[in-house]
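Enquirer: Build me a model:
(one chain, ligands or ions: 2)
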Amino acid sequence: MPHTQTRSNSLLIALHWIMLLLLIAVYVAIEGRAYFPRGSEARDEIKAWHYTLGLTVFILVWIRLAVRLLTTMPPVVPPPQRWQRIASRIVHVALYVLMIGMPIGGVLMLSGEGERIPFWFGLEVPPVIAPDKDFAESVEVIHTTYGQIGYALIALHAVAGLAHHYVFKDNALRRMLPFSRQPS
Ligand code: HEM
Ligand code: HEM
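Expert: Ligands and ions are numbered 1, 2, ... in the order given. Just a heads-up that it's a prediction; the model follows:
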């Protein structure tokens, strides 16, 4: 196997686990807002973290997608059944929809509400549409609903990963772990 392929896979693996940590933080920030009174500075601050970290997901997902499309992942051994391959493909696509669609929805929502969209180092994302509260509310319904679906998707995906390891006893999880050698 060429040396470059192993390196690309390492980047994919790194981005995969960074994404998990980021998404945990994105969810904790938005759920955590409930502990602070409405209108308080702390509540605005924790929501701002939700926006900034969510936008970071949006940036990293394109790098990840590029690496994913430019490299081949080593095959799962022993090969999973057809229904497993189809199911995992559907869940992976739904996870990419989460990583790409949720930040877009968030930006549309805040733009429609005429609110600031804070990013790292004091930077801000400019509004992408003119203020439109009704539109913002519709997007919020979608963002909230898919956000809840996201919990189920991530849980299902994680359980499937563990099932591959402990039940089907294949290498699907092992080849995604940072410190195990990639089969080549
Ligand atoms: C992968 C990224 C993201 C995920 C998984 C996510 C998930 C969520 C979830 C679960 C909620 C709470 C819904 C509820 O009330 O139960 C929420 C609310 C919200 N999100 Fe996101 N989000 C993401 C990215 C973003 C981004 C990038 C922005 C803005 C730039 C954003 C803006 C908002 C806003 C404005 C709310 C409503 C907050 C409130 O009114 O208290 N989200 N999001
Ligand atoms: C504890 C949590 C997680 C575990 C145990 C886990 C495990 C795995 C495993 C074993 C694979 C390889 C499966 C295969 O190639 O068929 C994989 C791939 C993948 N994971 Fe996760 N994962 C977790 C969290 C996440 C999160 C939070 C996301 C994003 C929202 C995610 C998105 C993906 C995607 C899109 C793939 C397909 C490969 C790619 O395109 O990068 N995973 N994961």
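
Enquirer: what helix or strand is the spatially most central residue of the chain on?
Expert: For the chain, the residue nearest the mean C-alpha position is M99 (3.8 Å; Cα atoms, centre = their mean). Secondary-structure element containing M99, defined by DSSP states H and E: helix 82-112.

Enquirer: What residues of the next helix or strand after that helix count as buried?
Expert: Under the assignment DSSP H and E, the closest C-terminal helix or strand after helix 82-112 is helix 133-166. For helix 133-166, the buried set under the neighbour-count rule, 16 or more other Cβ atoms under 10 Å, comprises 135-136, 139-140, 143, 146-147, 150, 153-154, 157, 160, 164-165. Backbone N, C-alpha and C define where each C-beta goes, glycine included.

Enquirer: So, low pLDDT: which residues of the protein?
Expert: Flagging of the chain using pLDDT under 70 yields the residue ranges 1-8, 180-184.

Enquirer: Which part of it gets nearest to ligand 1, residue-wise?
Expert: For the chain, the nearest residue to ligand 1 under the criterion Cβ to the nearest ligand atom is G106, separated by 2.1 Å.

Enquirer: Leaving out chain neighbours, which residue sits closest to that residue?
Expert: If the residues on either side of it in the chain are set aside, G106 comes closest to G54, at 5.6 Å by Cβ to Cβ, 6 or more residues apart in numbering.

Enquirer: can you confirm that neighbour is in a strand?
Expert: No. The assignment for G54, made by DSSP: H, G, I helix; E, B strand; the rest coil, is helix rather than a strand.

Enquirer: is it true that it touches I104?
Expert: No. The pair G54 and I104 does not pass the contact test of Cβ atoms under 8 Å, sitting 10.0 Å apart.

Enquirer: Between the two, tell me which one has more neighbours.
Expert: For G54 versus I104, the count of surrounding residues by other Cβ atoms under 10 Å is larger for G54: 24 against 13.

Enquirer: Spit out the contact partners of that one.
Expert: With Cβ atoms under 8 Å, 6 or more residues apart in numbering as the criterion, the residues that contact G54 are V26, M102, P103, G106.

Enquirer: surely I129 meets M109?
Expert: No. I129 sits out of contact with M109 when judged by Cβ under 8 Å, with a separation of 9.9 Å.

Enquirer: These two: which is more packed in?
Expert: For I129 and M109, the more surrounded residue by other Cβ under 10 Å is M109, and the numbers stand at 23 against 13.

Enquirer: shouldn't that one be in contact with V139?
Expert: Yes. With contacts defined as Cβ under 8 Å, M109 counts as touching V139 at a distance of 4.6 Å.
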